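[1] build me a model from this:
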Amino acid sequence: MKNIRRMISPAAAWMVVLLPLLITVYLLFWCPDDLSARQTGKQRTFGATYMTMNNPYFQVLDTQIRGHLELHGDVLLTRDGAMDQQRQNQEIQELVDAGVSAIFMTPVEWDTSKEGLQIAADAGVPVIVVDAPVQASELAACSVLSDNYQAGVLCAQHLLSVRDHAKILLLEHITARSGADRIQGFKDTITGHEGFEIIGSGESDGQIENAMPVMEQLLATFPDADVLMALNDPSAFGGLAAIQGADLSEQFLVYSVDGSPEGKAMVSNGFLTATCAQFPSKVAEEAVHQAYAAINGSCEQGEVIVPVELLTEENIDQYGIDGWQ
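    Numbering: from 1, shown residues only. Just a heads-up that it's a prediction; the model follows:
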């Protein structure tokens, strides 16, 4: 028995050394199912292009979308349209060429974005439109949008509840349908109310650096204005800077849309009258949900509208100012 044990022990030792090597060689050269290919094949690549990344809303939206995709083991390639629709159309072509499974898109311009949408459609790549609608919606798999029109309605309703008259200035972004819808909701709600008059408007592109000089010009032209309705928080900040520079803060009410941390802080400190909050976490979650549905067959809905909520001094504490809602 002792001799048998001496014979078996070396054999067992060699098996311990050789078995892992044999398994490795089998998997690498003879296994009919390439494990490495199967693992990387599970990972999908998605693309995203936004009208601009010079806006905190799109930055947080991109972060949220990326986070949801990474939970599935997938990756996101992000591009910045930089307020140039032709550039965004080219970015869509680049993303298609990179082999993405789907594209998240916030159009620079709602009407001339058709070219980019057609590029993706011709390649069979579904596009999930986020935040701002497109005219050629039939080329998109799904649109996931904040209730932009209602945001304007809520701002106007608040104004009507706190003032019995107003001379109103607008800061707009007419080429972005989301911004246009917000202003239209505001205008439609004000219409017919005696004593409430929209006396001037200017194009800000939704950018703080554009809004300030535009607002300065509006104040010079309409010195009796006392209300500003801005399409988003950045343009409201630029408008507010011009108002403060003209020493008109005491007479102005300032309304905005976004609900950014900075906007909520401005409301809390009494600089903004209200900001109508978007919920980028909900928009991102729904957009990713629809994207996976699209690549697995079709979106569950052609359009998803995410509700908004007006934030004022009365309810701002419910949301906090440290981050987006």
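[2] in three-state terms, label V129 for me.
    In three-state terms, and counting by DSSP: H, G, I helix; E, B strand; the rest coil, V129 is strand.
[3] in the sheet, who's paired with it?
    Following DSSP bridges, V129 is listed with bridge partners M105, S143.
[4] and for L76?
    F46.
[5] I'd assumed I65 was in contact with it.
    Yes: checked against Cβ atoms under 8 Å, the pair L76 and I65 is within contact range at 6.4 Å. Any C-beta I mention is one placed from the backbone N, CA and C, and that applies to glycine too.
[6] compare the two and say which one has the larger neighbour count.
    I65 (24 against 20; other Cβ atoms under 10 Å).
[7] contacts only, for that one.
    I65 is in contact with A48, L76, F104, V130, A284, A287, V288, counting by Cβ atoms under 8 Å, 6 or more residues apart in numbering.
[8] would you format the residues you listed as a markdown table with distance to M83 and pLDDT included?
    Formatted as a markdown table, these follow (distance: Cβ to Cβ, whole Å; pLDDT from 0 to 100):
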| residue | distance to M83 | pLDDT |
| --- | --- | --- |
| A48 | 16 | 98 |
| L76 | 21 | 98 |
| F104 | 18 | 98 |
| V130 | 17 | 98 |
| A284 | 22 | 98 |
| A287 | 21 | 98 |
| V288 | 25 | 98 |
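[9] nearest to D322, of those residues?
    A284 (18.5 Å; Cβ to Cβ).
[10] count of residues packed around that closest one?
    24.
[11] likewise H165?
    11.
[12] how about P307?
    With other Cβ under 10 Å as criterion, P307 counts 12.
[13] how about the strands in the stretch 151-300 of the chain?
    Secondary structure of the stretch 151-300 of the chain (DSSP state E, counting those that start in this stretch): strands at 166-172, 196-203, 227-230, 253-258, 274-277.
[14] identify the contacts common to L76 and I65.
    Joint contacts of L76 and I65 (Cβ under 8 Å, 6+ apart) are A48.
[15] name the member of the contacts of I65 that has the highest neighbour count.
    V130 (32 neighbours).
[16] and that one, what does it touch?
    L61, I65, F104, M105, T106, S143, V144, L145, V283, A284, A287.
[17] switch to 6 Å and redo it
    F104, T106, V144, A287 (Cβ atoms under 6 Å, 6 or more residues apart in numbering).
[18] check G116 too.
    Q88, N89, I92.
[19] try D233
    Applying Cβ under 6 Å, 6+ apart, the residues near D233 are S256, D258, S260, G263.
[20] mind giving me a markdown table with the residues you listed and columns for neighbour count?
    A markdown table is the format used below for the contacts of D233 (neighbours: other Cβ atoms under 10 Å):
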| residue | neighbour count |
| --- | --- |
| S256 | 31 |
| D258 | 29 |
| S260 | 27 |
| G263 | 29 |
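[21] closest one of the residues you listed to S137?
    D258 (23.7 Å).
[22] contacting residues around the closest one?
    Y57, N232, D233, T275, Q278.
[23] farthest-apart pair in those residues, please.
    Taking Cβ to Cβ, no two of those sit farther apart than Y57 and T275, at 11.5 Å.
[24] quick one: which of the two has more around it?
    Each of Y57 and T275 has its neighbours counted (other Cβ under 10 Å); T275 has more, 28 against 25.
[25] so who does that one touch?
    Counting by Cβ under 6 Å, 6+ apart, T275 has contacts S256, D258, G259, G263, V267, L311.
[26] now do the SS call for F58.
    helix.
[27] that one: how many residues sit nearby?
    Neighbours of F58 (other Cβ under 10 Å): 21.
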